[in-house]
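> Requesting a structural model of the entry that follows:
(one chain, ligands or ions: 1)
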Amino acid sequence: MTETTFTPRVFSGIQPSGGLTLGNYLGAIKRFVDMQGDTFETIYCMVDLHAITVWQNPADLIHNTRELCAGFIAAGIDPEKSILINQSQVPEHAQLGWIFNCVARMGWMQRMTQFKDKAGKNAQNASLGLFGYPALMAADILVYHATHVPVGEDQKQHLELTRDIAAKFNPDYGVDFFPMTEPVIEGAATRVMSLRDGSKKMSKSDPSDASRINMTDDADAIARKIRKAKTDPDALPSEVKGLEGRPEARNLINIYAALSDQSVDQVLAEVGGKQFGAFKPMLAELAVSKLGPISSEMARLMNDPAEIDRILSRGSLRAREITAPILRKTYDIVGMVAPV
Ligand code: TRP
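Numbering: from 1, shown residues only. Modelled structure (predicted):
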């Protein structure tokens, strides 16, 4: 079989389940921004169909989808350069999702650790959608023939499943139709931890608001949370190995490095030997200068939801130029009679 070549295309998605944090920004959105350009076509998605695998208040879901869209744009996703969509407006995602439900095997799905984590002890009461979630995710990606998917470490298993689905579909039907998607996994430097506990991921669901920086926080809130962040009594090291066993110090240094587009080595060369009392104001100033404009732009965009809705519907028209032919071709391959 000849190797098909696929257009270099990036797809990624975030659930509009509310509460964007600095972790979402550095771990995902900022990387999405950096991938815009001439190398890839870029498609970014608010995965509302995934969000409802656990019950969402409908009014909140609408608000959170618009807010996520505002966050994308405020952070630098250009809706002209990238295709920006919410998943439910591009029906081919769900349609290909069904086909993939028929390709994926029960045994593969039962291995998914995210399902086990999210369903917890009460798996019998989890929605069927939560169980099937990764097959829809594979469809999100493959309905664009996306070649690269930037995601967090926690999504690695779902991307392997995406490859498994392509690797089964293609020979089952004697085609070379779906690409083997490459995961682009976030590095440790972009994994943002809680400001109260350096061993826990920064999370919107942590009961303490002081544990996280929200993308909607204003300058005062950002500065205050950094000032109060947990640290240890020692001075900062000048080399990376001096961060061992110091998760809070490592986290603040990682955040500084990511926000300033420097490596951890470069940052430590600059701040090594300083006490936290001197470093925290530097970090606060940097964070406010990078995040303050994003939160005020988000607030401005949220004042005009109709404009956000227009951007999303334009995005879905552009998306469907890619997805409709790929879905039709898939139906042809599978043996679905086409309309005449
Ligand atoms: N599962 C992803 C998450 O929870 C979100 C997601 C859905 C996604 N579809 C995707 C990410 C496709 C990348 C590509 O973070």
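> quick check: domain ranges of the protein?
9-190+304-334, 209-300 (automatic domain parsing).
> so which of these comes closest to the ligand?
domain 9-190+304-334 (3.4 Å; C-beta to the nearest ligand atom). Just so you know, the C-beta spots here come from the backbone N, C-alpha and C atoms, and that holds for glycine as well.
> Straight-line length of the closest one, end to end?
End-to-end distance for domain 9-190+304-334: 24 Å, by C-alpha to C-alpha, to the nearest Å.
> rewinding a little: mean neighbour count, mean pLDDT and distance to the ligand added to the domains of the chain, as TSV?
Shown next, in TSV, are those (neighbours: other C-beta atoms under 10 Å; pLDDT from 0 to 100; distance: least, C-beta to the nearest ligand atom, whole Å):
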stretch	mean neighbour count	mean pLDDT	distance to the ligand
domain 9-190+304-334	18	96	3
domain 209-300	17	96	16
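> right, and the ones you listed - which one's nearest Val340?
Using C-beta to C-beta as the measure, domain 9-190+304-334 is the one of these that comes nearest Val340, at 13.0 Å.
> what about the helices in the chain?
Using DSSP state H, the helices of the chain run over residues 22-24, 30-35, 48-51, 58-75, 92-101, 106-110, 113-119, 128-142, 156-172, 219-228, 247-259, 264-271, 276-302, 305-334.
> Any chance you could list what contacts the third one?
Surrounding helix 48-51, the residues in contact under the criterion C-beta atoms under 8 Å, 6 or more residues apart in numbering are 13, 15-17, 61, 64-65, 86-88, 93-94, 133, 136-137.
> Quickly check those for the two that are furthest apart.
Asn64 and Ala94, at 19.5 Å, using C-beta to C-beta across these.
> could the helices of the chain be laid out in TSV, adding distance to Lys241?
Listed next are the helices of the chain as TSV, based on distance: least, C-beta to C-beta, whole Å:
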stretch	distance to Lys241
helix 22-24	25
helix 30-35	26
helix 48-51	40
helix 58-75	33
helix 92-101	45
helix 106-110	40
helix 113-119	31
helix 128-142	38
helix 156-172	27
helix 219-228	25
helix 247-259	11
helix 264-271	10
helix 276-302	18
helix 305-334	46
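> sorry, back to before: would you turn the domains of the chain into CSV with distance to Gly198?
Shown next, in CSV, are the domains of the chain (distance: least, C-beta to C-beta, whole Å):
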stretch, distance to Gly198
domain 9-190+304-334, 12
domain 209-300, 3
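> With Lys200 as the reference, name the closest of the ones you listed.
domain 209-300 (7.8 Å).
> end to end, how far does the closest one reach?
So domain 209-300: terminal residues 23 Å apart, C-alpha to C-alpha.
> again, but for stretch 176-185
Span of stretch 176-185 from end to end, C-alpha to C-alpha: 25 Å.
> got the contact list for that stretch?
With C-beta under 8 Å, 6+ apart, stretch 176-185 has contacts from 1-4, 6, 10, 31, 141-142, 145-153, 155-156, 159, 162-163, 165-167, 169-170, 329-330, 333.
> Same question for stretch 157-169.
With C-beta under 8 Å, 6+ apart, stretch 157-169 has contacts from 100, 103-104, 108-109, 111-114, 134-135, 137-138, 141-142, 149, 151, 175, 177-181, 183.
> run the last query once more with 6 Å
Residues outside stretch 157-169 that contact it (C-beta atoms under 6 Å, 6 or more residues apart in numbering): Phe100, Val103, Ala104, Pro134, Met137, Ala138, Ile141, Val149, Phe178, Met180, Thr181, Pro183.
> from those, which two are the most distant?
Val103 and Pro183, at 19.4 Å, using C-beta to C-beta across these.
> Return the distance of Ala139 relative to Cys69.
21 Å (C-beta to C-beta, to the nearest Å).
> What sits closest to Leu286 if chain neighbours are left out?
Spatial nearest neighbour of Leu286, chain neighbours left out: Leu259 (5.3 Å); criterion: C-beta to C-beta, 6 or more residues apart in numbering.
> from memory the one you found sits against Lys290, does it?
Yes: using C-beta atoms under 6 Å, Leu259 is in contact with Lys290, at 5.0 Å.
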